[in-house]
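S.K.: here is my input; please provide its structure:
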Amino acid sequence: MTPEPEPGTPTIALRLNIARELGWRVECLDPETGWLWLLERDGRRRVLHGAHASINDHAAAAIALDKDYTARVLAHFGVRVPVSARCLGPEVIFDSLGNDPYPDQRGLAPALALASSHGFPLIVKPNRGSRGRAVIVVEDEEGLARALSEAWKVGRLALAQVPVPGFDLRVDVLDRELLLAYVRRPLALVGDGRSTLIELHERADPRARSPSFAAKLRASAPWIETLRGAELSPDSVLADGRRLDFATTIYNLHHCCVGELVPELPQRWVELANEIAGYIGLRHAGVDLRLPLVDGGDPLDQPVEVATVLEVNASPAVGQIARLGARAEAEAAERRVVSTMLEELGPA
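M.R.: Here you go, the predicted model:
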């Protein structure tokens with residue numbers, strides 16, 4: 001008997017397991033990637049594409065996929081968003097006569113204007129994309145040009161943004177109810193005088209025990225640059241009490257960051273996430289917020305007006321936070337998502 005292909009991501013695996021528990025038959029339609037799955041039960045069918053849930057309507061999900069348009073909608077309603085410039089890649093979006101309808105947004109110039117008014121560093125990212133792919137912190141014009149070139153490989157529109165430092169909070173909601181909330185922090189390793197950086201990393205982040213995940217993370221710029229700056233190697237032993245911080249303004253669980261559940265999120269933050277999802281028209285959303293740090297205090301004690309919305313995800317994935325130790329909570333959240341998605345199919 002041919003073994004079933006591996007799901008493409010931890011979130012896909014979670015959703016398939018829950019579908020099986022609910023009595024659905026699961027079949028992979030793309031064994032090479034594990035991204036396309038057919039679910040069937042009692043004459044009903046649902047095709048799953050990656051970790052995309054089919055709860056939101058197409059128009060709302062399309063807005064959320066567009067980081068620039070999401071920010072424009074939220075700014076219209078008075079929500080704080082990052083200061084940004086959009087930069088069209090070369091030789092795209094010309095009209096039928098070969099004229100350029102958007103010359104002021106073409107190439108490097110909008111990002112240079114942003115740097116002139118706000119200075120460096122800046123963050124460059126594709127307008128569409130996930131998992132932190134081609135998201136780069138740049139310190140000068142040369143780095144800005146390189147980063148935009150990388151972002152244009154992902155999509156024809158890139159964004160340059162003024163960084164928003166602070167406390168990073170993710171809030172996932174479904175139909176105005178909280179699913180899950182967690183904070184993301186840059187990875188930090190503290191030496192004990194005996195363990196190598198690899199060993200310390202495996203203790204700080206259980207995902208690092210997976211060879212594939214560890215290899216990907218240790219090939220990332222934050223890992224390489226932090227070790228280089230500290231004149232260390234992966235086999236170096238940190239002195240007892242010495243702390244190594246992987247400083248970054250890009251908090252992404254696919255890179256040098258870890259996450260921790262917020263067990264009791266104050267209701268006003270849930271209401272803010274619901275409000276933001278509502279502006280976009282989303283029922284199911286993951287809202288990324290950045291809050292100012294508070295000396296000696298809890299950032300969550302602040303009023304919601306201080307928060308900046310970094311992004312809104314129309315199909316938030318929980319696979320990484322599950323692997324970081326919150327499996328029961330992530331499974332409970334996904335059970336609600338999958339149940340909603342499949343129950344709305346109705347009878348055959």
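S.K.: name the SS class of residue 18, please.
M.R.: helix (DSSP: H, G, I helix; E, B strand; the rest coil).
S.K.: ok, it touching residue 336?
M.R.: No: here residue 18 does not reach residue 336: they are 9.5 Å apart, not a contact under CB atoms under 8 Å. Placement of C-beta: from N, CA and C, glycine included.
S.K.: neighbour count for the two, which is higher?
M.R.: residue 18 (19 against 16; other CB atoms under 10 Å).
S.K.: so how far is residue 285 from that one?
M.R.: Here the criterion is CB to CB, to the nearest Å. By it, residue 18 lies 20 Å from residue 285.
S.K.: same check, this time on residue 140
M.R.: Spatial separation of residue 140 from residue 285 under the definition CB to CB is 36 Å.
S.K.: among these two, which residue is more densely surrounded?
M.R.: residue 285 (27 against 11).
S.K.: ok, the more buried one - contacts?
M.R.: Under the criterion of CB atoms under 8 Å, 6 or more residues apart in numbering, the neighbours of residue 285 are 56, 64, 172-173, 273, 276-277, 312-314, 316.
S.K.: going by distance to residue 325, which of those wins?
M.R.: Of all these, the one with the least separation from residue 325 (CB to CB) is residue 172, at 16.9 Å.
S.K.: state whether that closest one is indeed within a strand.
M.R.: Yes: assigned with three-state DSSP, residue 172 falls within a strand.
S.K.: re earlier: could I get the contacts of residue 285 as JSON lines with distance to residue 158?
M.R.: Formatted as JSON lines, the contacts of residue 285 follow (distance: CB to CB, whole Å):
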{"residue": "56", "distance to residue 158": "25"}
{"residue": "64", "distance to residue 158": "18"}
{"residue": "172", "distance to residue 158": "27"}
{"residue": "173", "distance to residue 158": "29"}
{"residue": "273", "distance to residue 158": "27"}
{"residue": "276", "distance to residue 158": "24"}
{"residue": "277", "distance to residue 158": "26"}
{"residue": "312", "distance to residue 158": "19"}
{"residue": "313", "distance to residue 158": "19"}
{"residue": "314", "distance to residue 158": "20"}
{"residue": "316", "distance to residue 158": "23"}
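S.K.: poorly predicted segments of the chain, please.
M.R.: 1-2, 92-93, 249, 345-348 (pLDDT under 70).
S.K.: the longest helix in it is where?
M.R.: Once the chain is assigned using DSSP state H, the helix that runs over the most residues is helix 327-343.
S.K.: domain assignment for the protein?
M.R.: For the chain, the structural domains run 10-51+321-343, 52-81+164-187+246-316, 83-163, 191-242, going by automatic domain parsing.
S.K.: tabulate those in JSON lines, adding columns for distance to residue 3.
M.R.: Listed next are those as JSON lines, based on distance: least, CB to CB, whole Å:
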{"stretch": "domain 10-51+321-343", "distance to residue 3": "10"}
{"stretch": "domain 52-81+164-187+246-316", "distance to residue 3": "25"}
{"stretch": "domain 83-163", "distance to residue 3": "27"}
{"stretch": "domain 191-242", "distance to residue 3": "18"}
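S.K.: just the helices in this protein please.
M.R.: The residue ranges that make up the helices of the chain, judged by DSSP H, are 10-21, 58-65, 67-76, 109-118, 141-154, 197-204, 211-218, 221-229, 267-280, 319-321, 327-343.
S.K.: can you tell me what sits against the shortest one?
M.R.: Contacts of helix 319-321 from elsewhere in the structure, counted by CB under 8 Å, 6+ apart, are 9-14, 51, 180, 182, 207, 253-254, 259, 261, 329-330.
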